[in-house]
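**Student:** Take a look and give me a structure for this.
(one chain, ligands or ions: 1)
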Amino acid sequence: MSIKKACLFGLPVNITTLDEAKDYLLNAAKPMQVITINPEMITKAYKNDVLSTLIKNADVVVPDGAGVVIALRMIGIKTSRIPGIELAYSLLQEAEKRNLKVALIGADEDTIQKAKKELLKDLPNLNLIYLRNGYFNKDEENVIIQELAESRPDLLFAGLGFPKQEKFLEDFKKYSKNTIMIGVGGSFDVWAKKLKRAPKIFQKLNFEWFYRLLCQPSRFRRMFPSIPLFLLKVILERNLHRKEY
Ligand code: UDP
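**Tutor:** Take a look at the predicted model:
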């Protein structure tokens, strides 16, 4: 089983649906590292070989940001956003059904504890074997990786922000034979009910980014001019994209 792949600025993006991605991840050989990509990440990787290699080495890359979906449309691919938080949650539902071992790492201590409490309200039989806040130094990180290698989670979500979470997961991947791992960004804050997702109508219209901007105006400087410039670059640097590869 494989899923279709396109290429934006030389970086892979899988063209798939949430359900297809979920089934693929559950059935494919492990370990599997998933990156949920947005224009900011592509822009950073464009200027940084280490980040670019990190994304190229991922097993699955799904378009999370609306800007990526627009860019794909501009090169002739019609596909939908796959919000990382939804893909992650659908994997948790599957984990509960199949009694898969789940490890969560990221956010501050209060947030990760609240996220656990809220998740267990909806998924009471979730087999949570490992929980850790996302603030640690290099020595502590080595211990965490060792502990995770011993506890062999089937699912590992890291919410440490990009690229810290992707680097962490890539490091852990060397020790894992059975894990599906995803960088989930601020998902623990949402599950802990500290951060709200946009109302459904914003999500449907691909305007979730705008809602996040309204709630966190500090994101403005990061997002602009990066998104308009990103879309302009999609047009100017056509030779770096491919519809299928
Ligand atoms: N975070 C963390 N450890 C860090 C830095 C950030 O656990 O060293 C957490 C932070 O508490 C928050 C999440 O990472 O829960 C932020 O993720 P998001 O993707 O929203 O951050 P961005 O990459 O957009 O800044």
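
**Student:** CA atoms for contacts and neighbours, from now on please.
**Tutor:** Will do.

**Student:** quick one, phi psi at the closest residue to Gly186 other than its chain neighbours?
**Tutor:** Spatially, and ignoring its direct neighbours in sequence, Gly186 is nearest to Gly159 (6.0 Å; CA to CA, 6 or more residues apart in numbering). Torsion angles at Gly159 (phi, psi; degrees, to the nearest 10) stand at phi -110, psi 80.

**Student:** Contact partners for Glu244?
**Tutor:** Going by CA atoms under 8 Å, 6 or more residues apart in numbering, Glu244 touches Lys4, Lys5, Ala6, Cys7.

**Student:** How about residues contacting stretch 2-17?
**Tutor:** By CA under 8 Å, 6+ apart, stretch 2-17 touches 21, 24, 42, 46, 52, 55-56, 60-63, 72, 79-80, 82, 234, 237, 240-245.

**Student:** Would you pull up how far it lies from the middle of the chain?
**Tutor:** 15 Å (CA atoms, centre = their mean, to the nearest Å).

**Student:** what's the answer for stretch 51-61, then?
**Tutor:** 12 Å.

**Student:** Can you add secondary structure and give the contacts of Glu244 back as a markdown table?
**Tutor:** Shown next, in a markdown table, are the contacts of Glu244 (DSSP: H, G, I helix; E, B strand; the rest coil):
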| residue | secondary structure |
| --- | --- |
| Lys4 | coil |
| Lys5 | strand |
| Ala6 | strand |
| Cys7 | strand |
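
**Student:** Of those, grab the buried ones for PyMOL.
**Tutor:** The PyMOL command for the buried members of the contacts of Glu244 (criterion: 16 or more other CA atoms under 10 Å) is given here:
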select buried, resi 5+6+7
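
**Student:** would you list the contacts of Glu244 in a markdown table and tack on distance to Gly134 and pLDDT?
**Tutor:** Formatted as a markdown table, the contacts of Glu244 follow (distance: CA to CA, whole Å; pLDDT from 0 to 100):
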| residue | distance to Gly134 | pLDDT |
| --- | --- | --- |
| Lys4 | 33 | 92 |
| Lys5 | 31 | 94 |
| Ala6 | 32 | 95 |
| Cys7 | 31 | 94 |
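
**Student:** Name the residues of this structure found near the ligand, please.
**Tutor:** Residues of the chain lying near the ligand by CA under 6 Å from any ligand atom: Gly106, Ala107, Asp108, Gly134, Tyr135, Gly159, Leu160, Gly161, Phe162, Gly185, Gly186, Asp189.

**Student:** and the third one, what pLDDT?
**Tutor:** In this model, Asp108 is scored at 98, pLDDT.

**Student:** mind listing what's buried in the helix or strand Gln165 falls within?
**Tutor:** Element membership of Gln165, judged by DSSP states H and E, is helix 164-173. With burial defined by 16+ other CA under 10 Å, the residues of helix 164-173 counted as buried are Gln165, Glu166, Lys167, Phe168, Leu169, Glu170, Phe172, Lys173.

**Student:** tell me the contacts of Gly128?
**Tutor:** Let me fix one detail, which is that residue 128 is Leu and not Gly. Taking CA under 8 Å, 6+ apart, we find Leu128 in contact with Lys101, Val102, Ala103, Leu104.

**Student:** Let's see that with 6 Å instead.
**Tutor:** Residues near Leu128 by CA atoms under 6 Å, 6 or more residues apart in numbering: Val102.

**Student:** Bridge partners for it, pull those for me.
**Tutor:** Bridge pairing for Leu128 (DSSP bridges) gives the partners Val102.

**Student:** Tell me how many other residues crowd the residue nearest to Gly186.
**Tutor:** 25 (other CA atoms under 10 Å).

**Student:** picking that back up, among the contacts of stretch 2-17, name the buried ones.
**Tutor:** For the contacts of stretch 2-17, a burial check counting by 16+ other CA under 10 Å picks out 21, 24, 42, 52, 55-56, 60-63, 72, 79-80, 82, 234, 241-242.
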